[in-house]
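Structural data only, the sequence is not supplied:
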């Protein structure tokens, strides 16, 4: 049994499918939350951290496309896989256009589902890594200028002085002076002359 530290929300109005899938995914090391309706799932989602939603397409209260839209409104980083017994190309295209990570026909092979889940989690990890790197403020080792990417594509912003960058970000103008430690060093070096 693998330890994956991921929470998966399963949504299906067929109790036997829900119970079977939940059991299989729990045996694979996932924390599994189960809901019989889209509304129930959204209620749980508002209280729990979820990394992935696997939802049936055809349900009475809210279909899988509506669940997808609501989940992505709540948190676009949550991966969504839609399962359906009805292989319609139009619903698959619509789901992918709205941000679903994958679309599978039921009954789906557990190994195929796991493969696709791990691909989704791998993509999530890569996106998180890119976001972390984009949040790092690049400073030149030599001249100490900062690359300001705030109004341009990441990595393409102009290199500006620290003073200009802080003025832009804080909206305050800067004045130059000495901190007490540097002031004392300067006075000490003047006295040594």
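Ah, there it is. As the structure is a computational prediction, the values presented were derived from the model and not from experiment.

Touching stretch 39-48 from outside, list them.
Taking CB atoms under 8 Å, 6 or more residues apart in numbering as the criterion, the residues outside stretch 39-48 that touch it are 7, 9, 11, 33, 35, 50, 53, 55, 61-62, 67, 70-71, 74. Where C-beta positions appear, they are placed from N, C-alpha and C, glycine not excepted.

From residue 178, how far out is the residue found closest to residue 146 once you drop the neighbours it is linked to in the chain?
The spatial neighbour of residue 146 that comes closest, neighbours along the chain excluded (CB to CB, 6 or more residues apart in numbering), is residue 165 at 4.5 Å. Here the distance between residue 165 and residue 178 works out to 21 Å (CB to CB, to the nearest Å).

out of these two, which sits in the more crowded spot?
Just comparing residue 165 and residue 178: by other CB atoms under 10 Å the higher neighbour count belongs to residue 165, 19 against 11.

Confirm that the more buried one sits in a helix.
Yes. Remark: residue 165 belongs to a helix, assigned using DSSP: H, G, I helix; E, B strand; the rest coil.

Residue 7: how many residues sit nearby?
Residue 7 has 15 neighbours, counted by other CB under 10 Å.

cool, the one 4 residues further on as well?
Neighbour count of residue 11, defined by other CB under 10 Å: 29.

which SS class is the residue nearest to it when sequence neighbours are not counted?
With CB to CB, 6+ apart as the criterion, residue 11 has its nearest non-adjacent residue at 4.1 Å, and that residue is residue 55. Going by three-state DSSP, the secondary structure assigned to residue 55 is strand.

any idea how this structure splits into domains?
According to automatic domain parsing, the chain comprises the domains 7-134, 146-192.
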